[in-house]
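Visitor: Everything below, folded, please.
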Amino acid sequence: MTAPLVAHLYHDHGHHDPVAEVCLDYDARFMRRKMLDTTDGRKVLVDLPKTTSLDQNGVLVTPDGAEIRVTAAPEPLLEVRGAALHRLAWHIGNRHSPCQIEETRLLIQADHVMRDMLERLGADLRDVDEPFTPERGAYGHGRTHSHDHGHTHLPAEEHSHDH
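Guide: The predicted structure is shown next:
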């Protein structure tokens with residue numbers, strides 16, 4: 001058995017030809033320490049100093065400087081289209097839901113609650129299987145925080161979200 005590759009660093013873009021590649025869906029691209037399989041069947045132990053959101057075409061870096069490319073795997077998504085796409089994007093953002101914003105459509109993770117809301121807003125929806133690369137957080141920290149907004153809202157002084 002061959003010893004796994006080990007990666008202690010991550011960069012959002014590569015500088016060299018990668019020695020391997022990992023293909024991960026959106027949720028799996030959020031990690032600190034994890035054993036992964038490369039697309040050619042090898043193992044790589046990811047051991048980063050802090051929990052990190054890995055981006056499409058980012059690279060994990062081994063101690064000797066070798067790079068392992070990260071690619072976004074296809075996953076079930078909801079394609080959102082409509083005449084007032086900016087309004088639909090606002091409602092998605094108001095629910096703190098990750099969203100891939102393109103010129104003529106939005107992509108979000110498949111979710112029946114979001115589907116129902118968007119249908120009520122008049123969106124044209126279609127199920128797709130594609131790589132998901134949503135917008136990064138507004139403050140440059142990677143992911144947005146997801147919240148469950150299915151609860152009853154209390155007055156502002158009694159309502160808070162834990163982050």
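Visitor: Could you list the domains of this structure?
Guide: Taking automatic domain parsing as the domain assignment, the record places the domains of the chain at 5-72, 75-131.
Visitor: For G137, find the nearest of the ones you listed.
Guide: domain 5-72 (8.7 Å; CB to CB). To be clear about C-beta, it is placed using only N, CA and C from the backbone, and glycine gets the same treatment.
Visitor: Give me the mean pLDDT for the closest one.
Guide: For domain 5-72, the per-residue pLDDT values average out at 96.
Visitor: and the end-to-end length of it?
Guide: Start-to-end span of domain 5-72 (CA to CA, to the nearest Å) is 20 Å.
Visitor: Quick check: buried residues in the longest strand anywhere in the chain?
Guide: If you go by DSSP state E, the chain has its longest strand at strand 43-53. For strand 43-53, a neighbour-count test (16 or more other CB atoms under 10 Å) marks 44-46, 48, 52-53 as buried.
Visitor: ok, that strand: who's next to it in the sheet?
Guide: strand 5-7 (parallel), strand 30-37 (antiparallel) (DSSP bridges).
Visitor: What's the first helix or strand after the shortest one?
Guide: Downstream of strand 5-7, the next assigned helix or strand under DSSP states H and E is strand 9-11.
Visitor: hey, where'd the helices end up in this protein?
Guide: Per DSSP state H, the chain has helices spanning 85-94, 112-120. These are given in chain order.
Visitor: so how far is the shortest one off the chain centroid?
Guide: When you say that, I think you mean helix 112-120. Once both centres are worked out by CA atoms, centre = their mean, to the nearest Å, helix 112-120 turns out to sit 20 Å from its chain's centre.
Visitor: and the angle for it with helix 85-94?
Guide: Direction vectors for helix 112-120 and helix 85-94, defined by axes from the mean of the first three to the mean of the last three CA atoms, to 10 degrees, enclose an angle of 150 degrees.
Visitor: which other helices and strands contact helix 112-120?
Guide: Packed against helix 112-120 by the contact rule (3 or more CB pairs under 8 Å, 6 or more residues apart in numbering; DSSP states H and E) you find strand 74-81, helix 85-94, strand 124-131.
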